[in-house]
Structure formats: C-alpha cells, structure tokens
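Asks: coordinates only, sequence not included:
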C-alpha cells in the first residue's frame, strides 16, 4: 500500500516529529473526514507499506532525520511557487530558506525522488502570465539537476477557497493564458532537463510535450523498488487525476501555511484550534481518542508482485 503524507496538510513542515513517532510505532490512527468518530488504524510497518509520498512546501524539520526512513521507499512532492506573503502568508523566505532546502533535499535523496510542483498557477495584477514565465525560468535555472520532473496546474475555484480568492483579487485564467504558459514553460523545462506534466487538468497540452501527471506514481515506485505493484487508479480522486490508490494520513484544517488557494485548509480559527490540540506522541494528528470514537483496523497488505522483476 502507498501512504500519502499528505494532500490535506503539510506534515513534513508542521508534524514531522509526530510522523517519525508513528513510523517507529508502526501504526497511525486517521479520522474519517466525513465522520470524525470513525477512526481507521493504519499499519505503517515497512513490510506492509510499499511506498510513501510526502507533500510539502518546507521539509526543513524532516531533513536531518531521513535516515530513520531507511526501511521505506519514498519520494517528495515539493511545492515551490513565485508567491509572496499575500498568497502564501506563513512560509519562510523562498530565497533564504525554501530554495536552499530544495537543493539540500535533492543532494540527500537524489533528483528522481524529488518532484517540483509549480502549482497552482493563478493570475492577478501582480502575478501575470509574463511574471510566471520569468519566475519559472529563474527557478528552473537554479534547480537544474536537482529534479527530473515539474508538475504544474491551474487554480481551481473550490467552494472552500472562494472567499480567500476574492481577497486576493484573482483573475480568471482563460484558455489562451493556459496555452501561452504551457508553450513557454515547455521550452524552459526542456532547456533545463526537466519533464513537464499537469496535475488533474482536462486541457490537452500534448502538442507542447506536456503529459498528464501521476502524482502518486505507480511507475516511479516500481522503478525504485524494482518490482511490479498490483496497484489501481485511485477511485476517490477526480477523473482527471492519474494518481494510483493510496491512504492519506493527514487531516483537513490543520496546515498553518494557510495558502489562499488551498482547498484543504480554509478556516484559520479552526486550523489554529486543531494545531494547538496536536500532541506529537498521540496516534492521531490532533486531539485524543474519546469515548464515542470507533477504531477499526484497516486490512492492509503489500501490493508487491515479487515474481515479476523489472530488471
């Protein structure tokens, strides 16, 4: 089974101690986001977990302890965008912190296991099409050799993020904007040795050499572990999403990045309340187990097909 850490919150940045504790205890408890009284117990032992995908904007707290993951196969989805505090209010300096950490992480785990996410692409008076093209080339030049793949997407206006988007005075991204960005980004990515893909986009950009991404990437895991995985497409994601099935161990409204475009964290008061209830030693991300909670152990098995080798 593949573990996602996490689409819902930046665990590497804010909850890395908790995650390492869960790895060492070989299990985690995850509340159902629809019915919080229903809790799944997830086995995290290395003989069950086939791979881990980390999603982050700042992996700094995790980096010095990566040796504790030596029994696991993993890679990082690292979001690095041009936005400032107006859009990503709680991130440290891109120049002084985030970019150097991207390079450091690449040096530790290798370029194949570090995916650059330049997403979502949004437009405003400050963040124009031309600004995006210029910044993308600046970053691509700096990150050359540190990653082999960049994933882009265009902002989706989810109901939960509409109010934050209004505050940022975002403009509608037209098809011609997408085409112009795609054409320019494709040329830049080729110059710096990067594959360019889109995440959950219906628009076909194949004429520019841009494919649809698989952010939970079965093929990549098969290369890393050198065997086939009996793994299907994730039925819980949008039809445009190419991700393989995974189990997410995060929780909504728990990420203090509070990015204006985020669909998973949209209420600052709830985020702060949940964050303050976090206990690194607890099996759940925040809060404690109560009398009305029902814990069900999820049946999990390794999906490796040991009889079929890739090499």
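Replies: Arrived safely. Computed from a predicted structure; not experimentally measured.

Asks: same for the helix or strand where residue 20 lies, what does it pack against?
Replies: Applying DSSP states H and E as the criterion places residue 20 in helix 16-25. For helix 16-25, the packing partners by 3 or more Cβ pairs under 8 Å, 6 or more residues apart in numbering; DSSP states H and E come out as helix 11-14, helix 60-63. In short, each C-beta sits where N, CA and C put it, glycine included.

Asks: most packed of the ones you listed?
Replies: Mean neighbour count (mean count of other Cβ atoms under 10 Å) peaks for helix 11-14 among the helices and strands packed on helix 16-25, with a mean of 22.

Asks: which helices and strands does that helix pack with?
Replies: Applying 3+ Cβ pairs under 8 Å, 6+ apart, one finds that helix 11-14 makes contact with helix 16-25, strand 51-56, helix 60-63.

Asks: which neighbours does the longest strand anywhere in the chain have in its sheet, and in what orientation?
Replies: Taking DSSP state E as the criterion, the chain has its longest strand at strand 114-121. Using DSSP bridges, the strands paired with strand 114-121 are strand 74-79 (parallel), strand 149-154 (parallel).

Asks: Can you add distance to residue 66 and mean pLDDT and give those back as TSV?
Replies: Shown next, in TSV, are those (distance: least, Cβ to Cβ, whole Å; pLDDT from 0 to 100):
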stretch	distance to residue 66	mean pLDDT
strand 74-79	9	98
strand 149-154	20	97
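
Asks: Mind putting these into TSV with distance to residue 10 and mean neighbour count?
Replies: Putting the strands paired with strand 114-121 into TSV (distance: least, Cβ to Cβ, whole Å; neighbours: other Cβ atoms under 10 Å) gives the following:
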stretch	distance to residue 10	mean neighbour count
strand 74-79	9	22
strand 149-154	17	21
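
Asks: out of the ones you listed, nearest to residue 91?
Replies: With respect to residue 91, and counting by Cβ to Cβ, the nearest of those is strand 74-79 at 9.6 Å.

Asks: From the rest of the structure, what touches the longest helix along the chain?
Replies: In the chain, taking DSSP state H as the definition, the longest helix is helix 175-191. Helix 175-191 has contacts (Cβ atoms under 8 Å, 6 or more residues apart in numbering) with 118, 121, 123, 129, 132-133, 136-137, 140, 150, 152, 154, 195-196, 203, 205, 208-210.

Asks: Among those, which are located in helices?
Replies: Members of the contacts of helix 175-191 lying in helices (criterion: DSSP H): 129, 132-133, 136-137, 140.

Asks: quick one: which of these is nearest residue 87?
Replies: For these, the closest approach to residue 87 (Cβ to Cβ) belongs to residue 132, at 12.6 Å.

Asks: That's all I had, so thanks and see you.
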